[in-house]
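Novice: Please work out how this folds:
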Amino acid sequence: MKLYGIPNCSTVKKARAWLAEHGVEAQFHDFRKDGVDAALIDDWLTQIAWEKLVNRAGMTWRGLSEQQKATVQDRESALALMLEKPAVIKRPVLVEDGKILHVGFDEAAYRKLIES
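Specialist: Okay, the predicted model is just below:
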């Protein structure tokens, strides 16, 4: 299992702590330190809609100009933004064998994942 995110993000911290408390090993991939590439995000966008992967509630999105926000209207423009500013990706992204298991953190959803 691999958990993608930013270490100082409170939601990522909750997810990492929950996984550790439940004995689930997940390699952590730091968007800022380890980066992201077009192939990875493109693969994710085949599994989940770009609207769910772009975090419009986060500080990075709120820091964009209205013009920048207005340009994000489809898969390609969302991909370009996520490559330019990986912190705009909703996090954490929990992945196993290339398949997205969950985006964001929800204790009930994580519990269901480890019980199955």
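Novice: Quick one: mean pLDDT for whichever helix in the chain runs longest?
Specialist: Criterion DSSP state H: the longest helix present in the chain is helix 10-21. In this model, helix 10-21 has a mean pLDDT of 97.
Novice: Let the chain start at 47 from now.
Specialist: Got it, the first residue is 47 from now on, which makes the last one we talked about helix 56-67.
Novice: So what are the sheet partners of the helix or strand that that helix is followed by and their directions?
Specialist: Once the chain leaves helix 56-67, the next helix or strand it forms, by DSSP states H and E, is strand 73-76. Partner strands and pairing direction for strand 73-76 (DSSP bridges) are strand 48-51 (parallel).
Novice: Report the rounded mean pLDDT for the strand it pairs with.
Specialist: Strand 48-51 comes out at a mean pLDDT of 98.
Novice: Spit out the contact partners of the residue of the chain most remote from its centre.
Specialist: In the chain, residue 113 marks the outermost C-alpha relative to the chain mean, sitting 23.5 Å out by C-alpha atoms, centre = their mean. Residue 113 makes no contacts at all, as judged by C-beta atoms under 8 Å, 6 or more residues apart in numbering. (Each C-beta comes from the backbone N, C-alpha and C, glycine too.)
Novice: quick one: contacts of stretch 152-162?
Specialist: With contacts defined as C-beta under 8 Å, 6+ apart, stretch 152-162 is touched by 61, 64-65, 68, 70, 140, 147-148.
Novice: State whether the residue farthest from the centre of the chain is indeed within a strand.
Specialist: No. With DSSP: H, G, I helix; E, B strand; the rest coil as the criterion, residue 113 is helix rather than part of a strand.
Novice: Tell me the buried residues in stretch 121-139?
Specialist: 124-125, 127-129, 131-139 (16 or more other C-beta atoms under 10 Å).
Novice: Just those residues: which are in strands?
Specialist: residue 139 (DSSP state E).
Novice: from the buried residues of stretch 121-139, which single one is nearest residue 96?
Specialist: Closest approach between those and residue 96, by C-beta to C-beta: residue 124, at 3.8 Å.
Novice: That's all I had, so thanks and see you.
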